[in-house]
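*Asks:* no sequence on this one, just coordinates:
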C-alpha cells in the first residue's frame with residue numbers, strides 16, 4: 001500500500017533520521033542499528049526544501065505550512081502548496097517523515 005501525503009495531515013521527522021548542515025548544504029541521513037547499513041539514501045535539500053523541512057514540526061498541516069511559506073517566497077499559493085505536498089510525499093516514501101495526525 002502506497003502512503004499518500006494529504007493537505008490536512010500533520011507530519012514530523014522520523015526518529016530514524018538525523019539532519020546536518022555541512023558547508024551550507026542541508027542533508028537528511030537515515031540511521032539504523034548497523035554502522036554503514038543504511039536502508040535509505042542521504043537526501044539533500046535546497047533552501048526551499050529546508051524551509052519546508054523546518055516547518056514539518058508535528059503541529060501544522062501541509063496546507064498551513066504552504067500558507068506560511070507563501071508569505072516568505074514568491075510564487076502562486078497553489079504552486080507552493082503543490083511543492084510542499086510533493087516534497088512531503090517524497091520524504092514519506094523514503095520514511096524520513098511520519099504522520100503525526102490530521103485536522
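*Replies:* Perfect, thanks for sending it. Because the structure is a prediction, the values reported are computed rather than measured. Residues are numbered from 1 along each chain as shown.

*Asks:* what residues does residue 18 make contact with?
*Replies:* Applying Cβ atoms under 8 Å, 6 or more residues apart in numbering to residue 18 gives the contacts 28, 29, 31. For every residue, glycine as well, the C-beta is placed using N, CA and C.

*Asks:* dump these to CSV, plus distance to residue 49.
*Replies:* Below are those laid out as CSV (distance: Cβ to Cβ, whole Å):
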residue, distance to residue 49
28, 9
29, 15
31, 20
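
*Asks:* which of those residues fall within strands?
*Replies:* Using DSSP state E, the members of these that fall in strands are 28, 29.

*Asks:* only whichever of the contacts of residue 18 are buried, select them in ChimeraX.
*Replies:* Burial among the contacts of residue 18 is assessed by 16 or more other Cβ atoms under 10 Å; the matching ChimeraX selection reads:
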select :28
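
*Asks:* quick check: pLDDT value at residue 96.
*Replies:* The score at residue 96 is 91. That number is its pLDDT.

*Asks:* give me the number of residues near it?
*Replies:* With neighbours defined by other Cβ atoms under 10 Å, the count for residue 96 comes to 22.

*Asks:* what does residue 78 give?
*Replies:* With other Cβ under 10 Å as criterion, residue 78 counts 10.

*Asks:* pull the distance from the host helix or strand of residue 78 to the chain's centre.
*Replies:* Secondary structure from DSSP states H and E places residue 78 in helix 77-93. From the chain centre to the centre of helix 77-93 is a distance of 8 Å (Cα atoms, centre = their mean, to the nearest Å).

*Asks:* how about stretch 76-93?
*Replies:* Distance of stretch 76-93 from the chain centroid (Cα atoms, centre = their mean) equals 9 Å.

*Asks:* for stretch 67-87, same thing?
*Replies:* Taking Cα atoms, centre = their mean, one finds stretch 67-87 lying 13 Å from the centre of the chain it belongs to.

*Asks:* which one of the contacts of residue 18 is nearest residue 89?
*Replies:* residue 28 (14.9 Å; Cβ to Cβ).

*Asks:* still on that earlier bit, so which one of the contacts of residue 18 is the model least confident about?
*Replies:* The member of the contacts of residue 18 with the lowest pLDDT is residue 31, at 83.
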